[in-house]
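K.L.:
Here is the input, now give the coordinates:
(2 chains)
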Amino acid sequence: MALDAAAVAKIAHLARLGIDPADVPEYADSLSAILAFVEQLNAVDTTGVTPLAHPLDATQRLRPDVVSEVDDRENFQSVAPQTEDGLYLVPQVIE
Amino acid sequence: MHRKSLTQLAADLQAGVCSSEELTAACLERIGRLDERLNCFITVTAEQALASARAADARIQAGAAGPLTGIPFAHKDIFCTRGVKTSCGSRMLDNFPAPYDATVTRKLAEAGAVMIGKTNMDEFAMGSSNETSFYGPVKNPWDETRVPGGSSGGSAAAVAARLVPVSTGTDTGGSIRQPAALCGITGLKPTYGRVSRYGMIAFASSLDQGGPFARSAEDAAILLSAMAGFDERDSTSVQREVEDYRATLDAPLGGLKIGLPTEYFGEGLDAGVGAAVEAALDQYRRLGAEPVEISLPNTRLAVPAYYVVAPAECSSNLSRFDGVRFGYRAGKPRDLTDLYQRSRGEGFGPEVKRRILIGTYALSAGYYDAYYLKAQQVRRLIREDFLRAFEQVDVIMGPTAPTTAFRLGEKADDPVSMYLSDIYTIAANLAGLPAMSLPAGFVDGLPVGLHVIGNYFAEGRLLNVAHRYQQVTDWHTRCPKGYE
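P.N.:
Take a look at the predicted model:
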């Protein structure tokens, strides 16, 4: 399946990924080439095959519902671009 | 000192022939002198390394040393290291000193190993040539106009150039084995779940696995023993005791059944690489092994399935990089959407963007079944091929990569041709099997890797199979010119 410029722009928006408009045609080409390459999968009959999510078919382990982490906010926020009073700052969202 | 193996260095440290501080200083001196040519390191942690070395010397004095105590190693810059820049090869994390240690980082520190620096890699481990790094490509020490392979290119080249005795890597589709092959060293990707992924920056969570690089199987066994083990902080970590990988290294290979998939010796394989692999198989025959032809009929589907599964998981994992909590943030955002879009648009390079876009598309409404679910079904078919094969054989062998190291820039503009350089390695990730690459000769002065795939948790067997070969061959002892 070939992707056109509009499709690339839509996917980029879904991914919240800024793409320079000048680069869109190049992405459309390379993404289309990759999709054409993975098309081969369609030639295989996979009726009744269970999708494999974990190579060992393991399931999620459960643990007792007890507090195991200590508060380390200061450390984690030390690498944040902008914080104030323990909160992460972003541009105003609500007028 | 740089000519000695980890095993020899550990013995020297124990015997007091040299101290860890001297050894560490010698590594730092070599890196300072030679790494300008190779670009293996993103960060060199000289002060911290010398302090760790002094602590290791005290531990050796106190008689409390293990086989890695005082041994310098290079750490792929994908493993979080508290207080030390952890860039993942990306502008996105150029300003990121990790606030915590990965489990592998902690385990190696507890073993007394001395981290000497963080190595260069393809951005977020997405690449097979190390050319997608924000910090520029790594050069192959065998020919500095060629790529070292990727994504763990810096770790592989650093061991090949004798800058460090061992290093860590991660392998999602071949990122340990392919650079090990192209740089002429030994590298092992363990069974999925054997090495903790906690603090290892995620690319494709159902495929990612950390492992060792070394100059021999024996040294790799020592490093793997320290890296492996159950970790409750990684929900896919496997609860199973770690074997003593060194204890079984010398087991004889008489009667070992080696499966040779016809699909691994066909079209696309360089004739010289094929001949080197055949010669290695003859050597195994002399060691008493019996190569038998087998078939893995779904082999050709591995790369296409991978390029759905890996980007899909990458697009989900990399959604955390949003310019809010850590990492790169674009200047003067107009609003929140602009903050997300420009932080991600400016922070990620072209290959990472390409994979996020493919993954977002494959997971988007209306396409999920056609791409992601289909690929996961094909993944099971690939795994079943292997399960059938392992009823018949003990290990599977073939070439690690279809060619020797290619030139810098040669494949940079053609993603699909780059993806095909992992054609023999990707299936082991999809199936979650352990696999390794070991040096098996040269073509025109460039190293060739022999790929050995084992059954689940057969790391000990793989290392044994590699070690016995290395006892009767000297490919793994060869050193690139200018780095002797």
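K.L.:
can you count the residues close to B:E110?
P.N.:
For B:E110, the neighbour count with other C-beta atoms under 10 Å in any protein chain shown is 11. No exception for glycine: its C-beta is placed from N, CA and C like everyone else's.
K.L.:
Surely A:A28 touches A:A7?
P.N.:
Yes: if you go by C-beta atoms under 8 Å, A:A28 and A:A7 touch, sitting 7.4 Å apart.
K.L.:
Show me where the chain has its strands.
P.N.:
As the question left the chain open, I've gone with chain A. Under the criterion DSSP state E, chain A contains strands at A:83-84, A:87-88.
K.L.:
The intended chain is chain B.
P.N.:
Under DSSP E, chain B gives strands at B:41-44, B:72-76, B:114-119, B:166-171, B:186-189, B:209-214, B:257-261, B:290-294, B:395-399, B:435-443, B:446-454.
K.L.:
residue contacts, the residue lying farthest from the centre of chain B?
P.N.:
Relative to the centre of chain B, and counting by C-alpha atoms, centre = their mean, the farthest-placed residue is B:R334 at 40.8 Å. By C-beta atoms under 8 Å, 6 or more residues apart in numbering or on different chains, the residues touching B:R334 are A:P91.
K.L.:
Kindly report the same for the one 10 residues further on.
P.N.:
Remark: with contacts taken as C-beta under 8 Å, 6+ apart, B:R344 is in contact with A:A15, A:R16, A:L17, A:G18, B:M92, B:F321, B:D322, B:G323.
K.L.:
Check B:R380 too.
P.N.:
So B:R380 contacts A:V49, A:T50, A:P51, A:L52 (C-beta under 8 Å, 6+ apart).
K.L.:
Check B:S129 too.
P.N.:
Applying C-beta under 8 Å, 6+ apart, the residues near B:S129 are B:122, B:137, B:147-150, B:153, B:406, B:408, B:411-412, B:418, B:421.
K.L.:
what's it sitting at in phi/psi?
P.N.:
phi -140, psi 0 (degrees, to the nearest 10).
K.L.:
Now for the nearest residue to B:K139 once chain neighbours are set aside, how many residues are close by?
P.N.:
Spatial nearest neighbour of B:K139, excluding adjacent residues (C-beta to C-beta, 6 or more residues apart in numbering or on different chains): B:L38 at 5.0 Å. By other C-beta under 10 Å, the residues close to B:L38 number 24.
K.L.:
related to what we said a few turns ago, ok, so of the contacts of B:S129, who is nearest chain A?
P.N.:
Among the contacts of B:S129, B:M418 lies closest to chain A (C-beta to the nearest C-beta), at 10.9 Å.
K.L.:
Touching, that closest one and B:E410? I think so.
P.N.:
No: with contacts counted by C-beta under 8 Å, B:M418 stays clear of B:E410, the gap being 9.2 Å.
K.L.:
Of those two, which one has the most company?
P.N.:
Using other C-beta under 10 Å as the criterion, B:M418 and B:E410 rank with B:M418 on top: 21 against 16.
K.L.:
Could I get the contacting residues of that one?
P.N.:
B:G127, B:S128, B:S129, B:K411, B:A412.
K.L.:
Distance check, the last one against A:D20.
P.N.:
Using C-beta to C-beta, to the nearest Å, one obtains 19 Å as the distance from B:A412 to A:D20.
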